[in-house]
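Asker: generate a structure from the sequence data that follows.
(chains A and B)
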Amino acid sequence: MTFNRRRMLHGLGGLAVLTAVPACAFGGNEAETPTGPTGDAGPENPFGVAEDAALEVVIFKGGLGDAYATEVHEPMYAQRFPGAKVEHVATQQIAQTLQPRFAGGDVPDVIANSGTDLMDLGALVDANQLLDLTPLFDAPAIDDPKVKVRDRVVNGSIEAGLVGGKPHALMYVYTAYGLWYDAKLFEANGWQPAQTWADFDALCAKIKAKGLHPFAYPGKNAAYYQYWSILVSAAKIGGNKVLVDIDNLVDGAWTADPVKQSAAAWAEIGAKYLDKSYEGLTHTEVQTAQNQGRIGFFPCGSWLENEQKDQTPDSFEYAMCPLPSVTGGDAMPYAAIRTAAGEGYIVPSQAKNSAGGLEYLRIMLSHEGARGFTERTGSITIVKGAADGLPLSPGNKSVAAAQSAAGDNIVTYNAFENWYKELETELRAKTNALMFGRITADQFCAEMQAKADAVKADSSIPKQQRNG
Amino acid sequence: MRRGSGKFVAGFLALPVLVYLVFVIGPYLQAFYLALTDWRGVSGSPEFIGLGNFERLLGDATFWKAVSHHAILLVVLPLATLGIALFFAFLINAGARSGTRGVWGSRFYQAVFFFPQVLAVAAVGVLFQAVYRPDSGGILNGLLNAVGLDNVGWLTDPDLALWSIIAVLVWQAVGFYVVLFSAGMAAIPKEIHEAAALDGAGRGRMFFSVTLPLLWDSLQAAWVYLGIAAFDGFALVAVLSVNRGGPDGATTVLPLEIWRTAFSFSKFGYAAAMGVALFFLTLTFALLALRVTRRERIDLA
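Answerer: Below is the predicted model of the structure:
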């Protein structure tokens, strides 16, 4: 082979170009203020959105579908900015779709960060990738320019989106959690949701005697439905501080008595009434089984009824009740339920039209936007009064009743699910191990504490704090 | 070589080599570089932290659990697959009583055995979800119930789950190797088998003394392929297992942990370090396997 020196150098030059190619994957930007073209700011256009700037919206297409975006919010945006092209992207895998785009600096303008594969907000905020949404909440509301957006949403919903001490995510959907059952089935059998743990145990025994599985959750892909039960019960026993301590990685937060009592109580339900097969079933399979009248109680959030609406037979009527009190001396009454603002909507700081992204969120928070959302999804938003007068489904009616019974006794949200995915992943595994009888409540608490300690000691994970 | 032909050859090679460099070597280099950083996947500036990620790997129980599963796969997957495939291939090609033809209907079997190979891995996963379903709706458990036995937690029992998944891997792989070995056996001149038959060799003797030694090259290639496959398993584990790799991490594999560490935990630097470890594990295996199984070639011509 006649390989001359010049050609050799050519080859080396090619290699140098190549090593430069991978480096492009780390395009960087440190801005946390709106970027991109801006138009004239005014009362009607508080963020100064450019009239003709394109807007890209990425929606998680899960239980809520994406019609609320394509039929309500996106047309509303297009109506306000007729020159703007609105691009809609629907996906079930947020992280896999968007992580490379964040790394490369080519990000959409609005993201519904939801689903089992959502992006780690802590990591995004740590890298200055998300816009601080304070200007959104301080902006005038669309329906009434004299009122700020922050005064149009229910208390605590802005706090639910705090990461790094600032609102970096709009937690838009107002969700209630509890035990779901078929009201007609219970009525036919003369069963009443139980208020104390002893009554709950007795009721489960009665349901079992009827040949049903008294309690079930989907261990295969949604063990979190059950860890919510364990944590909500722990909060009812010891107060919301139990959950705040867990979020703040306080030493011994997982081995505290309320957590142990709750884990022990639920483990007993698992041992007595939870069929082993549920560890290997998905949420769709378990929800279908309940619709077929094979399951008594199912722990879930208020999206359940809408998610099942095509499969639910007419003879089935969803209703939700609070978790029974574990001890006689619980800090919160039986009526206490968890309601929380969830489903985070974020605006990337590097977005080409981040002002448009903010405006899109402001549209979502308008009366018309929120009402349209509820009409399409059956879920209520954090916008006060937006769903008033809409016909309520039976399930939503029972949620409303539970809410008014609970009054101020609201169990707080878990922030660690968004802050520390490693802890959350471990909790799913340990919840299954506890509920299906492979570990005791004490082991559950000790092993979760060990993981929390490991996360706390891991300098590569940015730490978050919450006050209440 | 004639003057100018080098340029001609290089002209043909330039494009494929460039594609290979950009899409294969480039990502490798990038992964090696990332493994030395604390990159979280979303920031613009990965920070160099030396061998810190590898130090952390040494003490990572999940990592070692995954590695131990690969060790099991590395032994069981090739042994089971090759054993079954050789048996079937032998029956198809030389299984008849005469020893020189296959069993009755052998062409049909050959086609049937190849079916699983045609299915996409995800389809196989969905199929076996139905087979292994833990309640009475599962195909296996339905059969067990029919004969009066209780449900078995094929994928929920931590002692059983990995074996259930290995069974699927074997089921899917066997067909391809039946075809591979059939081709190898067809290349063995009929006279050799006939001569052995005349000398009174039974089917067992024929297989171990004649067919197997003459198939050694195919067997060696198959061993390396299956060994490399034993370092994967991502798709099936992700679809079939409880909690992706559970219960209690009983089925997890390195590619799954890499994926989770990167996309769920946003620790791309650490995930890259796992990837580098996996790269060297696979490479070591391939070199060892080729070295250990090296034998003198038998020339049939």
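Asker: give me the nearest residue to the residue of the stretch 151-300 of chain B found nearest chain A, chain neighbours excluded.
Answerer: Minimum separation of the stretch 151-300 of chain B from chain A (C-beta to the nearest C-beta) falls at residue B:266, amounting to 3.7 Å. Every C-beta, even on glycine, is put in place using the N, C-alpha and C of the backbone. Ranked by C-beta to C-beta, 6 or more residues apart in numbering or on different chains and with sequence neighbours excluded, the top spatial neighbour of residue B:266 is residue A:123, at 3.7 Å.
Asker: and for the one you found, the neighbour number?
Answerer: If you count neighbours by other C-beta atoms under 10 Å in any protein chain shown, residue A:123 ends up with 25.
Asker: hey, where'd the helices end up in the stretch 151-300 of chain B?
Answerer: B:161-186, B:190-198, B:203-206, B:212-214, B:216-229, B:234-240, B:254-259, B:268-292 (DSSP state H, counting those that start in this stretch).
Asker: adding mean neighbour count, distance to chain A and mean pLDDT, write the ones you listed out as a markdown table.
Answerer: As requested, the helices of the stretch 151-300 of chain B are exported to a markdown table (neighbours: other C-beta atoms under 10 Å in any protein chain shown; distance: least, C-beta to the nearest C-beta, whole Å; pLDDT from 0 to 100):
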| stretch | mean neighbour count | distance to chain A | mean pLDDT |
| --- | --- | --- | --- |
| helix B:161-186 | 21 | 9 | 90 |
| helix B:190-198 | 14 | 42 | 82 |
| helix B:203-206 | 15 | 42 | 79 |
| helix B:212-214 | 14 | 38 | 84 |
| helix B:216-229 | 18 | 23 | 87 |
| helix B:234-240 | 20 | 9 | 91 |
| helix B:254-259 | 22 | 9 | 93 |
| helix B:268-292 | 18 | 8 | 89 |
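Asker: got those helices as CSV, with distance to residue A:264 columns?
Answerer: Formatted as CSV, these follow (distance: least, C-beta to C-beta, whole Å):
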stretch, distance to residue A:264
helix B:161-186, 27
helix B:190-198, 69
helix B:203-206, 60
helix B:212-214, 59
helix B:216-229, 44
helix B:234-240, 32
helix B:254-259, 31
helix B:268-292, 35
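Asker: returning to that earlier point: and the residue of the stretch 151-300 of chain B closest to chain A, how many neighbours?
Answerer: When neighbours are counted by other C-beta under 10 Å, residue B:266 comes out with 29.
Asker: from residue B:127, how far off is it?
Answerer: 33 Å (C-beta to C-beta, to the nearest Å).
Asker: thinking again about what came up before, surely the residue of the stretch 151-300 of chain B closest to chain A is in contact with residue A:125?
Answerer: No. The pair residue B:266 / residue A:125 is not scored as a contact, 11.1 Å apart, by C-beta atoms under 8 Å.
Asker: do I have it right that the residue nearest to residue B:266 meets residue A:464?
Answerer: No. Using C-beta under 8 Å, residue A:123 is not in contact with residue A:464; the gap is 11.3 Å.
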